[in-house]
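> for reference, the sequence and a predicted model appear below.
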Amino acid sequence: MSTHLFVFPDTNLFVQCRALQELDWKVLGDAESISLVITSPVMTEIDRQKSGQGRLAKRARTANTLLRKLLDQDFIEIENCKSGVKVTVIERLVLKPLDELKDQLDFDTLDGQLVGVAAGFVKAHSGEEAILLSHDTGPLLHAKRVGVPFFQIPDEWLTPPETDEDQKRIAKLEKDLDAYRKNEPECTVDAVNVPSAFTVTRYGALSDEQVKTLTDQLRKRHPIDDKVPATPLEIIQSGMGSVLASAFEKKVSDYRKAYSKWIANCEKVFRSLPYRQRLIDSEPIVGFRLSNSGTRPADRVLVQFEVLGAIGGLFAPRKEEKEEAPIRLPSPPMAPNLSSAQEHIARGLGLRSNHAAAIIPSISSFPSMAESLSRLSLPSSRDDNSFYWSTSDRELPHKVMEFTCGQWRHQDKDEDFEFRLYPPTEAGEYSGAIKVTIQAANLTTPVSKTFPIKIVVEAEDAMDQAMKLIVPPVTLQLD
């Protein structure tokens, strides 16, 4: 007596029989445990039947929901079996029909494939007990001919057939539902600009050591002028001696402070280089178009744009799409000289002579109170027929972006939505999708559409870009 039995079920076990836990599995023999082996032909038939209408399609969808659990686990245990037999469901979609039976079985049919797969398992596992289980005569006769053990599903396992009254009631309900849906909004989603693949460049952040190397190179290329004396001989020999010397020393002090500040500002440019370079390269733009072509408006609408997978997030387009200025380092400060000190004294004297005109602006230059108030605009009330952001901080990347609309007019202009896509920062290939869902108070079933996207992130060395800021490349012009 074998304590375990491998059962290769036909599709009718799932779509024509009662629930698996209600069946009397003891009729198959004395096995203490059973493995229901899901094969490729059975899975193919369930996938085909689930898209139809009626009870058969509903049962196929129920079976598909059960088998979907095999995506996350190796087996499914059927709990609370009345027969007391331990029943589990496993998948072996990789099993192929036994090649030596190709002249006896038609492998172009699902029945032929099922019997061929069971035969291959029986031959490869001679020490195991296995049977083919079906309620249809055809596959059972094929199994008998090629020597595969089989068992016919008992009639007691089948669900009772639907009555004519049931069929009429179902048909009426479906007709009523179709009529109701015809009076609903008819919302659609289309892609305006959603390529299936993007390639973007990302620059890694510079390390503290790299930034120090860059600032050292910067000091070598633009060294501070240490040869400027605190009190030049020209000043000592001039007639304004102490006044001019004091002014010049201040210029030298200001120059040294400006040089230190310039180095610090250049360091900020180096550290922000990856981000500023991303702005210049710009993020990929994705766009969608929504329409309501039904016979009535959609009430209390919620539209969601959801990023699936590891492709990053969505955020709002820039208010003004303009070309970013090239990245440059600020110019180094100029070392002071005697003439600059003299100009400094002259400006100081000038301020004392007419400081009122220079510092206090004319009263007439201020706008009147009425003019100031006229520039203020009170917030306008919302248009019930327009879409509004409901996602806060939309300048930051989000996995979900949402919009609401009080009443979306039907057969009106299309609604366009555009986003920037913030890709991952690490180099590699990323797959995912953007799912668009429309919900409304008077929409029976939400409208949803998914757009697959692949992003290739290519890494570039920010150090090379930074060195070009210090020593710009030379462009040769040929006559």
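Yep, that arrived. It should be emphasised that the depicted structure is a prediction, and the values quoted were computed from it without experimental measurement.
> biggest helix in the chain by residues?
The residue-count maximum for a helix in the chain (DSSP state H) belongs to helix 241-281.
> and the next helix or strand past the least confident helix or strand in the chain by mean pLDDT?
Scoring the helices and strands of the chain by mean pLDDT, DSSP states H and E places helix 369-375 at the bottom, with a mean of 38. Using DSSP states H and E, the helix or strand that follows helix 369-375 towards the C-terminus is strand 388-389.
> and the helix or strand that that next one is followed by, what does it pack against?
Note on strand 388-389: by DSSP H and E, the next helix or strand toward the C-terminus is strand 400-408. Judged by 3 or more C-beta pairs under 8 Å, 6 or more residues apart in numbering; DSSP states H and E, strand 400-408 is in contact with strand 298-309, strand 388-389, strand 415-422. For glycine as for every other residue, the C-beta is placed from the backbone atoms N, C-alpha and C.
> how about the helices of the chain, start to end?
With DSSP H, the ranges of helices along the chain come out as 12-15, 40-49, 54-67, 110-124, 137-146, 164-182, 208-221, 233-237, 241-281, 338-359, 369-375, 462-470.
> looking at those helices, which one has the lowest mean pLDDT?
Of all the helices of the chain, mean pLDDT reaches its minimum on helix 369-375 (a mean of 38).
> residue contacts, Asn442?
Applying C-beta atoms under 8 Å, 6 or more residues apart in numbering to Asn442 gives the contacts Glu184, Pro185, Arg296, Ala298, Asp299.
> Throw these into TSV and include distance to Phe248, neighbour count and pLDDT, thanks.
Listed next are these as TSV, based on distance: C-beta to C-beta, whole Å; neighbours: other C-beta atoms under 10 Å; pLDDT from 0 to 100:
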residue	distance to Phe248	neighbour count	pLDDT
Glu184	84	17	81
Pro185	79	23	88
Arg296	82	15	86
Ala298	76	24	91
Asp299	77	14	92
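> what stretches of the stretch 301-450 of the chain score poorly on pLDDT?
By pLDDT under 70, the low-scoring segments of the stretch 301-450 of the chain are 318-325, 337-381.
> just to check, Gln312 is in contact with His398?
To be clear, residue 312 is Gly; Gln isn't right here. No. Gly312 is beyond contact range of His398, at 10.2 Å (criterion: C-beta atoms under 8 Å).
> and the gap between the most centrally placed residue in the chain and Ser126?
Closest residue to the average C-alpha location of the chain: Val307 at 3.1 Å, with C-alpha atoms, centre = their mean. Distance of Val307 to Ser126, given as C-beta to C-beta, to the nearest Å: 52 Å.
> residues contacting the spatially closest residue to Ile38 that is not a sequence neighbour?
Leaving out its chain neighbours, the residue that sits closest to Ile38 by C-beta to C-beta, 6 or more residues apart in numbering is Glu91, at 4.4 Å. Counting by C-beta under 8 Å, 6+ apart, Glu91 touches Val37, Ile38, Met43, Leu67, Leu70.
> just Pro317 next, same as before
Ile285, Glu418, Phe419, Arg420.
> partner residues bridging the third one?
The reference is to Phe419. Val286 (DSSP bridges).
> what's around Gln411, how many residues?
For Gln411, the neighbour count with other C-beta atoms under 10 Å is 12.
> surely it and Pro297 touch.
No. Judged on C-beta under 8 Å, Gln411 makes no contact with Pro297 at a distance of 9.5 Å.
> so how far is stretch 35-45 off the chain centroid?
Chain-centre distance of stretch 35-45: 33 Å, with C-alpha atoms, centre = their mean, to the nearest Å.
> hey, C-alpha coordinates of that stretch in PDB?
Only the C-alpha atoms of stretch 35-45 are listed here, as PDB (Å, rounded to 0.1, in the frame of the first residue of the first chain):
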ATOM      1  CA  SER A  35      -0.700  15.700  -4.400                       C
ATOM      2  CA  LEU A  36      -2.800  17.300  -7.100                       C
ATOM      3  CA  VAL A  37      -0.300  18.000  -9.900                       C
ATOM      4  CA  ILE A  38      -1.100  21.100 -12.000                       C
ATOM      5  CA  THR A  39       0.300  20.700 -15.500                       C
ATOM      6  CA  SER A  40       0.600  23.100 -18.400                       C
ATOM      7  CA  PRO A  41      -2.400  21.900 -20.400                       C
ATOM      8  CA  VAL A  42      -4.700  22.300 -17.400                       C
ATOM      9  CA  MET A  43      -3.400  25.800 -16.600                       C
ATOM     10  CA  THR A  44      -3.800  26.800 -20.200                       C
ATOM     11  CA  GLU A  45      -7.500  25.600 -20.300                       C
END
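> any idea how far the closest residue to Gly406 other than its chain neighbours is from Val42?
Spatial nearest neighbour of Gly406, excluding adjacent residues (C-beta to C-beta, 6+ apart): Asp384 at 3.7 Å. Taking C-beta to C-beta as the measure, Asp384 falls 52 Å from Val42.
> these two: which has the busier surroundings?
Under the criterion of other C-beta under 10 Å, the comparison of Asp384 against Val42 puts Val42 first, with 26 against 11.
> ok, the more buried one - contacts?
Neighbour list for Val42: Pro9, Asp10, Thr11, Phe14, Leu110, Leu114 [criterion: C-beta under 8 Å, 6+ apart].
> how long is stretch 433-444 end to end?
In stretch 433-444, first residue to last residue: 25 Å (C-alpha to C-alpha, to the nearest Å).
> picking up where we left off before, dump the contacts of Pro317 into TSV; add neighbour count and distance to Lys261 as well.
What follows is the contacts of Pro317, written out as TSV (neighbours: other C-beta atoms under 10 Å; distance: C-beta to C-beta, whole Å):
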residue	neighbour count	distance to Lys261
Ile285	16	38
Glu418	15	40
Phe419	23	39
Arg420	20	34
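> can you pick out the most distant pair from the residues you listed?
Glu418 and Arg420 (8.2 Å; C-beta to C-beta).
> quick check: neighbours shared by those two?
Contacts common to Glu418 and Arg420, judged by C-beta under 8 Å, 6+ apart, are Ile285, Pro317.
> the inter-axis angle of the lengthiest strand in the chain versus helix 241-281?
Longest strand in the chain, counting residues (DSSP state E): strand 447-460. Strand 447-460 and helix 241-281 are oriented at 130 degrees to each other (axes from the mean of the first three to the mean of the last three C-alpha atoms, to 10 degrees).
> quick one: strands adjacent to strand 447-460?
When DSSP bridges is applied, strand 447-460 pairs with strand 197-203 (parallel), strand 428-439 (antiparallel).
> in that strand, what counts as buried?
Buried positions in strand 447-460, judged by neighbour count with 16 or more other C-beta atoms under 10 Å: Val447, Lys449, Phe451, Ile453, Lys454, Ile455, Val457.
> swap in stretch 428-439?
Tyr430, Gly432, Ala433, Ile434, Lys435, Val436, Thr437, Ile438, Gln439.
> bridged to the third one, which residues?
The reference is to Ala433. Beta-bridge partners for Ala433, by DSSP bridges, are Leu308, Pro452.
> okay, it and Ala197: tell me how far apart.
According to C-beta to C-beta, Ala433 stands 12 Å off from Ala197.
> what do the two both touch?
Common contact partners of Ala433 and Ala197 (C-beta under 8 Å, 6+ apart): Ile453.
> mind listing what Ser83 touches?
Ser83 sits in contact with Leu23, Asp24, Trp25, Lys26, where contact means C-beta under 8 Å, 6+ apart.
> which ones among those are found in strands?
Within the contacts of Ser83, no residue falls in strands by DSSP E.
> and those, which are buried?
Leu23, Trp25.
> one step back: and the residue nearest to Gly406, what are its phi and psi?
When read as degrees, to the nearest 10, the backbone of Asp384 gives phi -60, psi -20.
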